[in-house]
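In: Here you go, sequence then predicted model.
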Amino acid sequence: MIVYARNPVREALRGKRRVQRVFATERAAHDVWLGDVEARIVDEFEIKERCGSPDHQGICAEVEAYPYAEADSLLEPEDALVIALDEVQDPHNLGAACRVAESAGCSGVVLPERRSAEVTPAVCKASAGAVEHLGVARVRNLANWLRAAKEREAWVYGAEADAEVPYHRPDYRGRVVLVLGSEGRGLRPRVAAVCDELIRLPSRGRIGSLNVSTAAAALVYGILHFRRSLDRAP
């Protein structure tokens, strides 16, 4: 796999997979810490040819295939917070959601194996390299995995724009899986039916809904705020 742009390459060098070779312009090689990896100095045209994108910022790297996590391992912490994405196909939305998850300290992200974006170079770029430090798992059947998560005492909350329950009402202690749906369709009925509750963010403007990564950020940080308020309680 080729990852490109400065943050994705930098985080790949700091992350869990082996970086085989780095290609960079002279300026990018000087600006990005490369550790023990020596960059091959090339021009921008060659970098664009290798990564297939003009958004390379003068650097790209050959790395090992992305090492997906085991989905069940994401629920090991007693306070695990996991984001599950139901058939989110846009790589930019997946990357942005992974960036939110990693920044907020989530245990990881779960994706269905079919009809879903996977971790590609575009996702690495959109995540600003966050996928290199985040557990991302793929499961054959998302609804079945959510049922199994509930058997491990996880609470499953699905985000729906027209849900009856405001997002601030549930008790988010313990293991929590937050499920967000695809662009346009939302949650599939089978997935929504598995959720313990469907929750909604307030909408006071004229736009009917947020995109999936923005909704993920609002909900995840709302959950963190709830948990922090419990820590402060006498």
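Out: Structure received.
In: Can you tell me the closest non-neighbouring residue to Ser73?
Out: Spatial nearest neighbour of Ser73, excluding adjacent residues (CB to CB, 6 or more residues apart in numbering): Gly135 at 7.0 Å. In this view, the C-beta of every residue, glycine as well, is placed from N, C-alpha and C.
In: Sorry, slip of the keys, the one I care about is Arg190.
Out: Using CB to CB, 6+ apart and skipping residues adjacent in sequence, the residue nearest Arg190 is Ala143, 4.9 Å away.
In: Wait, the one you found touches Pro189, no?
Out: No. Using CB atoms under 8 Å, Ala143 is not in contact with Pro189; the gap is 9.7 Å.
In: Looking at these two, which is more packed in?
Out: Using other CB atoms under 10 Å as the criterion, Ala143 and Pro189 rank with Ala143 on top: 19 against 8.
In: Glu113 versus Tyr68, what's the distance?
Out: From Tyr68 across to Glu113, the span is 10 Å (CB to CB, to the nearest Å).
In: Looking at the two, which is more packed in?
Out: Using other CB under 10 Å, the more surrounded residue of Tyr68 and Glu113 is Tyr68, with 15 against 12.
In: Next, name the residue at the spatial heart of the chain.
Out: Central residue of the chain (CA atoms, centre = their mean): Cys98, 1.8 Å from the mean position.
In: Show the average pLDDT along the helix or strand hosting it.
Out: In the assignment (DSSP states H and E), Cys98 maps to helix 91-103. For helix 91-103, the mean pLDDT works out to 96.
In: can you pull the contacts of Asp31?
Out: Arg6 (CB atoms under 8 Å, 6 or more residues apart in numbering).
In: how close does it sit to Ala137?
Out: Noted for Asp31: a distance of 34 Å to Ala137, by CB to CB.
In: got the buried residues for the lowest-mean-pLDDT helix or strand in the chain?
Out: Every helix and strand in the chain was compared by mean pLDDT, DSSP states H and E; the lowest is helix 26-31, with a mean of 85. Residues of helix 26-31 classed as buried: 28-29 (neighbour count, 16 or more other CB atoms under 10 Å).
In: go on, stretch 45-63?
Out: Neighbour count says stretch 45-63 has 47-48, 50-51, 53, 56-61, 63 buried, by 16+ other CB under 10 Å.
In: and if you look at stretch 201-217?
Out: Neighbour-count burial for stretch 201-217 flags 201, 209-210, 212-213, 215-217 (criterion: 16+ other CB under 10 Å).
In: from the residues you listed, which single one is nearest Arg27?
Out: Among the buried residues of stretch 201-217, Ser213 lies closest to Arg27 (CB to CB), at 30.8 Å.
In: Over to that closest one: give its phi and psi.
Out: phi -70, psi -40 (degrees, to the nearest 10).
In: Give the full set of residues in contact with it.
Out: So Ser213 contacts 92-93, 96-97, 99-100 (CB under 8 Å, 6+ apart).
In: Noted, bye for now.
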